[in-house]
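Chemist: here is a sequence with its predicted model. Questions after.
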Amino acid sequence: MDAVGEQQQQAPAAPPFDASALIQLYLDLRTAKKATEHRHEQELKLYTERMEKIEGMLHKYMLEHKLNSLPTDSGTAYTNTKRSASVADGTSFRGHVIENRDWDLCDWRVNVNACEAHIKEHGQAPPGVNYREFETVGVRRPAKSND
């Protein structure tokens with residue numbers, strides 16, 4: 001047997017640290033982080049609700065008086081138009097874009113699953129696409145026993 005074959009059959013060396021303690025610490029930190037995020041969300045909710053109520057009062061006043069801005073010594077309230085567009089009928093939308101070559105109506109991004117399938121079939125990523133794979137470490141709690 002060659003050196004590579006022997007190396008693959010050997011048990012992995014023990015890590016130079018207490019893996020169980022590190023995993024437990026990670027799980028404890030994750031739990032504390034989630035609890036802090038939840039508390040933070042609850043605290044911010046109070047501020048957000050009050051701010052939205054004030055925005056509504058200011059907006060109503062500005063509409064009634066046909067104002068785009070409301071300057072005061074404390075600061076200026078102003079109206080801001082935001083836009084939103086979403087696809088209601090994908091088939092119709094795609095048909096319009098393709099038929100009219102109206103490509104500016106679309107945002108282009110790569111579908112990573114289709115790209116992976118393309119690479120498996122053709123041995124390389126489609127032209128103009130950067131594809132990479134990387135590993136991450138996940139940590140989960142042990143399965144609960146049914147004792």
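Modeler: Arrived safely. Numbering: from 1, shown residues only.
Chemist: where does pLDDT dip in the protein?
Modeler: By pLDDT under 70, the low-scoring segments of the chain are 1-9, 147.
Chemist: where exactly do the helices run in it?
Modeler: 3-9, 19-64, 90-100, 112-122 (DSSP state H).
Chemist: what number of residues lie near Val110?
Modeler: By other Cβ atoms under 10 Å, 14 other residues sit near Val110. For every residue, glycine as well, the C-beta is placed using N, CA and C.
Chemist: quick check: it touching Val129?
Modeler: Yes: in this structure, Val110 is within contact of Val129 by Cβ atoms under 8 Å, at 5.4 Å.
Chemist: roughly how far does Trp103 sit from Val97?
Modeler: 7 Å (Cβ to Cβ, to the nearest Å).
Chemist: in CSV: the helices of the chain, plus distance to Glu133.
Modeler: Shown next, in CSV, are the helices of the chain (distance: least, Cβ to Cβ, whole Å):
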stretch, distance to Glu133
helix 3-9, 22
helix 19-64, 24
helix 90-100, 29
helix 112-122, 8
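Chemist: as TSV, these with mean neighbour count and distance to Thr81 would be great.
Modeler: As requested, the helices of the chain are exported to TSV (neighbours: other Cβ atoms under 10 Å; distance: least, Cβ to Cβ, whole Å):
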stretch	mean neighbour count	distance to Thr81
helix 3-9	8	64
helix 19-64	11	12
helix 90-100	11	23
helix 112-122	11	34
